Each structure stands twice: as structure tokens, then as C-alpha cells.
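Visitor: need a 3D model of the following:
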Amino acid sequence: MLQVLTETAQENIEEELEDCADLARSEVLTRYPTQFKGQSPSDAECMQWTEDNNGRRVTWAMRLGTEMHAVAIECATSVLNRLRQGGFSLDPCYRYNIKTGKTTFVSCEEVKDLLGRGCGDELIGTFRPDVVLHSGNPLDVQAVYDFKFPCVHDGKTTPRWRDYPETSPHHGCNQGELYEKALKVEPVPIFPRWGIVP
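Guide: Numbers count the residues shown, from 1 in each chain. Next up, the predicted model:
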């Protein structure tokens, strides 16, 4: 069924996604009362090494960000199933060809197949926004949202999109710029406590 995105529906969705970001930060930080003593982590704490749930060595910034994303996506699933059934994708995979300007959708099945066959290199250069609202066709994009969870939250530094590193095919632009080029809509980052940052 073709989904239309009205301004009112979009505003309602955005408010609830902002709540999801706040919930994710609060819920994850309360998992570690002895580590952070109920406060936001400091720069030094964010850079300390720990292990993630799979036993891999990561910084606290990486661990907290991963866990917050998982909570936010679970929350967004509930919100969008209620407000927009069938007209959204969570963590969809896209491939953007810089030379041709063409964007293709990579299905979850294709991603799993490539990874299962040890062909993960074929996914280099793909990108995965957190939330995409669409007409029912993932290439007919109406809105794009990405949850951002900076480890340090001092309330002073304005959050921003992450730049792609030199090793990326998308080096020279940031995530927001790539999403806009590839998906033809202005993407919206959502930060806990800040909400949507223009």
C-alpha cells in the first residue's frame, strides 16, 4: 500500500523518535551505576577500554553507542509499527555509486548472504541510516533519521554528522551529505537531550 507522509504525521513520528533517543541514553547509562555513578561519562571514561557483549575489546564510547543504538531501534520499531505500518525501514542498506549518482537498495537477505559467504568486501561503500520513511518502496524515500549518541554529553558542544575516514569510498563528505546525495532528502540527526538538530 502506498504510504503518504503528511506534515502532522512526520511531526508526531519525530517527537516519538526524540523520546526514543532520550530513553536509550537513560536506559543504557543506568545499566552501569558503579562505572559512571549516575552521571554522563567524562572524556577519560569514554576512552577507557572494556569488553562488549561479544567479548571484543572496545572503548566505553563504542560500547555505550552500540547499546544505545539497539535500545533506540527497538523503541523506533514499536513507534513506527503503531504510527506507520509498512512505510518504513530500520537500518536499511543502500549502495551509492558516486560516478553514476545511482542508488540501489540492498536487501537484508542479500546482506546476510554476502556475509555468510565471506563476501563482506562487496558491502564496502554501502551505508545504513537508522530510520527511513518511504512510500512502501525503500527507494522512494520521504524522510531519513539517524540516532547519534556522543559519549560525552556536556550540553555545550553542538553535535554534528560523522565524517567518513580516508579509507572510505565516501571520504571527503560526512554522513549527512552522503545520505542527502544518495537518498535525495535532507537527513535528520537525532541526539538524546538535544532532539533534532538542524
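
Visitor: quick one, strands of this structure?
Guide: Secondary structure of the chain (DSSP state E): strands located at 49-51, 57-59, 88-90, 93-97, 102-106, 126-127, 131-134, 141-147, 188-191, 195-196.

Visitor: the third one pairs with which strands, parallel or anti?
Guide: Each strand that pairs with strand 88-90, with its direction, by DSSP bridges: strand 131-134 (antiparallel).

Visitor: what does the last one give?
Guide: Here the strand partners of strand 195-196, with direction, are listed using DSSP bridges: strand 188-191 (antiparallel).

Visitor: who's in contact with Ala182?
Guide: 94, 96, 103, 127 (C-beta atoms under 8 Å, 6 or more residues apart in numbering). Where C-beta positions appear, they are placed from N, C-alpha and C, glycine not excepted.

Visitor: quick check: pLDDT value at it.
Guide: Ala182 carries a pLDDT value of 94.

Visitor: now do it against Asn81, distance only.
Guide: 26 Å (C-beta to C-beta, to the nearest Å).

Visitor: before we move on, what about Arg31?
Guide: From Arg31 to Asn81 the distance is 25 Å (C-beta to C-beta).

Visitor: now swap in Leu64 and tell me
Guide: Taken as C-beta to C-beta, the span from Leu64 to Asn81 is 26 Å.

Visitor: the more surrounded of these two?
Guide: More crowded of Leu64 and Asn81, by other C-beta atoms under 10 Å: Leu64, with 26 against 11.

Visitor: what sits against the more buried one?
Guide: Per C-beta under 8 Å, 6+ apart, neighbours of Leu64: 28-29, 41, 46, 149, 151.

Visitor: Tyr58 - how many residues pack around it?
Guide: Careful, residue 58 is Val; it's not Tyr. 15.

Visitor: wait, Thr6
Guide: 8.

Visitor: now do the one 3 residues further on
Guide: By the measure other C-beta under 10 Å, the count of residues near Ala9 is 15.
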